[in-house]
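**Student:** Structure of the sequence below:
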Amino acid sequence: MEDKTVVTPYNAEESKKAQVERMFDKIAPRYDFLNRVLSLGIDVWWRKRALGYLKGRPAAELLDVATGTADVAIMAARMLGSERIVGVDIANQMLELGREKIRQAGLDAVIRLETGDSEALHFPDASFDAVTVAFGVRNFENLEKGLSEMRRVLRPGGRLVILEFSRPRLFPIKQLYNGYFKYVLPLIGRLTSRDIRAYTYLFESVQAFPEGADFLTILSKTGYQNAQCERLTLGICSIYTAERAQ
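**Tutor:** Numbering: from 1, shown residues only. Modelled structure (predicted):
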């Protein structure tokens with residue numbers, strides 16, 4: 001039976017992974033600008049809040065999965081004082097923009113960006129103190145495989161921090177949010193990035209994502225412990241944290 005929960009950017013005859021790579025390479029030049037505008041700048045605070053879960057914990061070596069243009073990697077270097085940060089992503093155009101931002105920030109000695117697949121990480125077991133993902137797990141082709149891989153490269157006691165869109169439940173926030181994401185955001189995306197599907201996919205993928213308690217269950221199922229969720233901005237976004245057992 002066909003899985004109706006699988007949402008892809010273009011509905012083409014290719015894997016979700018290939019479509020996601022193509023989509024982000026296509027919208028890369030306008031990605032950062034659209035993030036700031038479409039979220040009214042709140043996405044910066046969301047990232048800071050998420051990285052706050054790593055303060056006071058070992059984070060000398062950090063892996064940022066689905067790093068995109070390296071916003072989280074750069075912020076982590078400044079907030080946490082990490083000695084080594086590796087960012088991986090499948091979209092090379094996003095990585096090129098990220099490398100330029102890292103050079104401008106003077107963080108070349110700390111942050112390295114690599115082309116990489118979240119579901120087949122090429123790092124040895126227990127390589128990192130912490131793993132972060134901002135707005136990326138929703139795009140995984142095989143969610144449980146990606147989560148398992150991130151757990152594998154975490155050191156015992158290491159923490160996973162995931163930032164992801166969620167669905168507001170309160171009236172009228174839910175209705176306003178759905179209208180904005182479904183109608184306004186794709187229009188802005190089409191006018192600025194010339195790819196209406198990228199921003200239509202955003203709404204569809206958020207609707208299909210197993211958020212909240214469902215996602216916490218998946219984290220436990222894939223071997224994490226102490227899984228917790230904090231909902232932000234009236235439920236528009238959520239932070240998930242979990243740990244690899246000692």
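
**Student:** What pairs with the helix or strand harbouring residue 239, parallel or antiparallel?
**Tutor:** Element membership of residue 239 [criterion: DSSP states H and E] is strand 237-243. Applying DSSP bridges, strand 237-243 is found paired with strand 154-165 (antiparallel), strand 225-232 (antiparallel).

**Student:** tell me the strands in the chain, going along the chain?
**Tutor:** 61-65, 84-89, 111-115, 128-134, 154-165, 225-232, 237-243 (DSSP state E).

**Student:** Can you add mean pLDDT and give these back as CSV?
**Tutor:** Below are the strands of the chain laid out as CSV (pLDDT from 0 to 100):
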stretch, mean pLDDT
strand 61-65, 98
strand 84-89, 98
strand 111-115, 98
strand 128-134, 98
strand 154-165, 97
strand 225-232, 98
strand 237-243, 97
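
**Student:** Among the ones you listed, single out whichever gets nearest to residue 99.
**Tutor:** strand 111-115 (5.6 Å; C-beta to C-beta). All C-beta atoms are positioned from the backbone trio N, CA, C, and that covers glycine.

**Student:** Same list (the strands of the chain) but as JSON lines, adding mean neighbour count.
**Tutor:** Listed next are these as JSON lines, based on neighbours: other C-beta atoms under 10 Å:
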{"stretch": "strand 61-65", "mean neighbour count": "26"}
{"stretch": "strand 84-89", "mean neighbour count": "23"}
{"stretch": "strand 111-115", "mean neighbour count": "18"}
{"stretch": "strand 128-134", "mean neighbour count": "26"}
{"stretch": "strand 154-165", "mean neighbour count": "21"}
{"stretch": "strand 225-232", "mean neighbour count": "14"}
{"stretch": "strand 237-243", "mean neighbour count": "23"}
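
**Student:** Nearest to residue 147, out of those strands?
**Tutor:** Across the strands of the chain, closest to residue 147 is strand 154-165 (C-beta to C-beta), at 8.0 Å.

**Student:** Residue 41: which of the strands paired with strand 237-243 is closest?
**Tutor:** Once the strands paired with strand 237-243 are compared by C-beta to C-beta, strand 225-232 is nearest, at 13.9 Å.

**Student:** Identify all contacting residues around that closest one.
**Tutor:** 46, 49, 166, 212-213, 215-216, 219-220, 237-245 (C-beta atoms under 8 Å, 6 or more residues apart in numbering).

**Student:** With stretch 183-195 instead?
**Tutor:** 23, 26-27, 29-31, 33-34, 37-38, 196, 198-200, 202-203.

**Student:** Over to stretch 171-179?
**Tutor:** 167-168, 203, 234-236.

**Student:** Tabulate the CA atom coordinates of the longest helix seen in the chain in CSV.
**Tutor:** Counting by DSSP state H, the longest helix found in the chain is helix 16-38. Taking Å, rounded to 0.1, in the frame of the first residue of the first chain, the C-alpha atoms of helix 16-38 are listed here in CSV:
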residue,chain,number,x,y,z
LYS,A,16,12.7,12.2,-2.0
LYS,A,17,16.4,12.7,-1.2
ALA,A,18,17.2,13.6,-4.8
GLN,A,19,14.3,16.0,-5.0
VAL,A,20,15.2,17.7,-1.7
GLU,A,21,18.7,18.2,-3.0
ARG,A,22,17.5,19.7,-6.2
MET,A,23,15.0,21.9,-4.4
PHE,A,24,17.6,23.4,-2.0
ASP,A,25,20.2,23.9,-4.7
LYS,A,26,17.6,25.8,-6.7
ILE,A,27,16.5,28.1,-3.9
ALA,A,28,19.9,28.5,-2.3
PRO,A,29,20.6,32.1,-3.4
ARG,A,30,17.5,33.5,-1.7
TYR,A,31,17.3,31.0,1.2
ASP,A,32,18.7,33.1,4.0
PHE,A,33,16.7,36.2,2.9
LEU,A,34,13.5,34.3,2.8
ASN,A,35,14.0,32.7,6.1
ARG,A,36,14.4,36.1,7.8
VAL,A,37,11.5,37.7,5.9
LEU,A,38,9.0,34.8,6.1
